[in-house]
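> what's the 3D shape of this:
(one chain, ligands or ions: 1)
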Amino acid sequence: MPRLDNAFLESILDEVRPLLRQGQVASYIPALAQVPADQLGVAVCTHDGQLLTAGDASQRFSIQSISKVLSLTVAMTRYSEQDLWQRVGKDPSGQPFNSLVQLEMEQGIPRNPFINAGALVVCDMLQSRLSAPRQQMLTLVRRLSGVEDIHYDRQVASSELAHSARNAAIAWLMKSFDNFHNDVNTVLENYFHYCALSMNCEELARCFRYLISPELCKVLFRQELNHRQVSHINALMMTSGMYNAAGEFAWRVGLPAKSGVGGGIVAIVPGKMSIAVWSPALDQFGNSLAGTAVLEHISDRLAFSVF
Ligand SMILES: NC(=O)CC[C@H](N)C(=O)O
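Predicted structure coming up:
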């Protein structure tokens, strides 16, 4: 088995670089369409906090839907299990992340918290309970990653707000089923800001270390989040973190993970490490094409698949 070090990560990136010409940078959010596609980075944060990196690991990007794991985590600390899960499901959707069809058929209850509808319900719940939802998210992310100067990319947030027809439609549809309680625009703005968190692979790998094990979660969240909730989040990442490619991803990589249309993916190797990869060009499901390949190679070489 190869040794996991910076040189090993570099060699994986070299193997994957030919794929950089494949895939498409997200263009439905104009601010993201300008990001050069030929970038590739990876960072690993081990259980004991050691950081390994390769490629463009210190280049910041828009974390987009990776933030859905963070907003769910905060909601889990503020709502009882029963109150939270009666408003959003725990099953894979088998549909694109911004689909409306299923939501209409299932009376405004989103399948899971990692599709847009589910994340919007979670943000609606946070709006009801938090005094300053955006500031509190920044405080959490800065604390978890140990980096003070993490910010929202205002250009990305306003670009999304200017092109928010579909997400607004999702929110209004849920309101019609009484599963959305606050002002739609206020919640959309919070949601877009969370998506517009600007972070790099090093910061993301550090930030998601709390999902590696119950012991780490206890250190990082004290009584706020228990070990059961940590396994719940990992289970949801495994079944729904990669949208309608979750099955394919489980087959190829076999790790709980969450992607974003900025091209980032965070994966957890339970008990061992958190991994963040980034490459902006996406596959047809909206997941980083080269990023998925990097995770596949790492998981394959080091036998990380949980299956
Ligand atoms: N998959 C994603 O990263 C989607 C997030 C994006 N902000 C949206 O709402 O469409």
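
> How about the residues of the stretch 201-307 of the chain by the ligand?
Within the stretch 201-307 of the chain, the positions near the ligand by Cβ under 6 Å from any ligand atom are 260-261, 286. C-beta coordinates here come from the backbone N, C-alpha and C atoms, glycine included.

> Columns distance to V88 and neighbour count on top of those residues, output as JSON lines?
As requested, those are exported to JSON lines (distance: Cβ to Cβ, whole Å; neighbours: other Cβ atoms under 10 Å):
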{"residue": "G260", "distance to V88": "19", "neighbour count": "29"}
{"residue": "V261", "distance to V88": "21", "neighbour count": "24"}
{"residue": "G286", "distance to V88": "20", "neighbour count": "22"}
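
> Could you save those residues as JSON lines and add columns showing secondary structure and pLDDT?
Output for these, formatted as JSON lines (DSSP: H, G, I helix; E, B strand; the rest coil; pLDDT from 0 to 100):
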{"residue": "G260", "secondary structure": "coil", "pLDDT": "98"}
{"residue": "V261", "secondary structure": "coil", "pLDDT": "97"}
{"residue": "G286", "secondary structure": "coil", "pLDDT": "95"}
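
> Which of the residues you listed sits closest to P92?
G286 (14.8 Å; Cβ to Cβ).

> The closest one and P96 touch, don't they?
Yes: judged on Cβ atoms under 8 Å, G286 makes contact with P96 at a distance of 7.3 Å.

> Mutual contacts of these two, please.
Common neighbours of G286 and P96, using Cβ atoms under 8 Å, 6 or more residues apart in numbering, are Y243.

> What count of nearby residues applies to the closest residue to F208 other than its chain neighbours?
Leaving aside its chain neighbours, F208 sits nearest to S274 (4.3 Å; criterion: Cβ to Cβ, 6 or more residues apart in numbering). Number of residues near S274 (other Cβ atoms under 10 Å) recorded here: 23.

> Look up which residues are beta-bridged to S274.
With DSSP bridges applied, S274 shows beta-bridge pairing to C45, I268.

> So in the chain, where's the weakest helix or strand by average pLDDT?
Sorting the helices and strands of the chain by mean pLDDT, DSSP states H and E puts helix 214-221 at the bottom, at a mean of 89.

> Output whichever helix or strand comes after it as PDB, restricted to C-alpha atoms.
Next along the chain after helix 214-221, taking DSSP states H and E as the criterion, comes helix 227-240. The C-alpha trace of helix 227-240 is given here as PDB (Å, rounded to 0.1, in the frame of the first residue of the first chain):
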ATOM      1  CA  HIS A 227     -22.000  10.900  18.000                       C
ATOM      2  CA  ARG A 228     -25.400   9.700  16.600                       C
ATOM      3  CA  GLN A 229     -25.800  13.000  14.800                       C
ATOM      4  CA  VAL A 230     -22.300  12.700  13.300                       C
ATOM      5  CA  SER A 231     -23.200   9.300  11.800                       C
ATOM      6  CA  HIS A 232     -26.600  10.600  10.600                       C
ATOM      7  CA  ILE A 233     -24.800  13.400   8.600                       C
ATOM      8  CA  ASN A 234     -22.300  10.900   7.200                       C
ATOM      9  CA  ALA A 235     -25.200   8.500   6.200                       C
ATOM     10  CA  LEU A 236     -26.900  11.400   4.400                       C
ATOM     11  CA  MET A 237     -23.700  12.300   2.600                       C
ATOM     12  CA  MET A 238     -23.300   8.700   1.500                       C
ATOM     13  CA  THR A 239     -26.800   8.400   0.100                       C
ATOM     14  CA  SER A 240     -27.500  12.000  -1.100                       C
END
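
> and the next element down the chain from helix 227-240?
helix 246-252.

> tell me which residues in that following helix are buried?
For helix 246-252, burial by neighbour count (16 or more other Cβ atoms under 10 Å) applies to 246, 249-250, 252.

> I'd like to know how many residues surround D300.
Using other Cβ under 10 Å, D300 has 14 neighbouring residues.

> Could you export the least confident helix or strand of the chain as CSV, CA atoms only?
Extracted in CSV, the C-alpha atoms of helix 214-221 (Å, rounded to 0.1, in the frame of the first residue of the first chain):
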residue,chain,number,x,y,z
PRO,A,214,-17.4,10.8,17.5
GLU,A,215,-14.3,11.8,19.6
LEU,A,216,-13.4,14.7,17.3
CYS,A,217,-17.0,15.8,17.2
LYS,A,218,-17.0,15.9,21.0
VAL,A,219,-13.9,18.0,21.1
LEU,A,220,-15.0,20.4,18.3
PHE,A,221,-18.7,20.7,19.2
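
> That helix - contacts with which helices or strands?
Packing partners of helix 214-221 (3 or more Cβ pairs under 8 Å, 6 or more residues apart in numbering; DSSP states H and E): helix 227-240.

> quick one: the most centrally placed residue in the chain and E189, what's the gap?
With distances taken as Cα atoms, centre = their mean, I66 lies nearest the centre of the chain, 1.5 Å away. As judged by Cβ to Cβ, to the nearest Å, I66 and E189 stand 19 Å apart.
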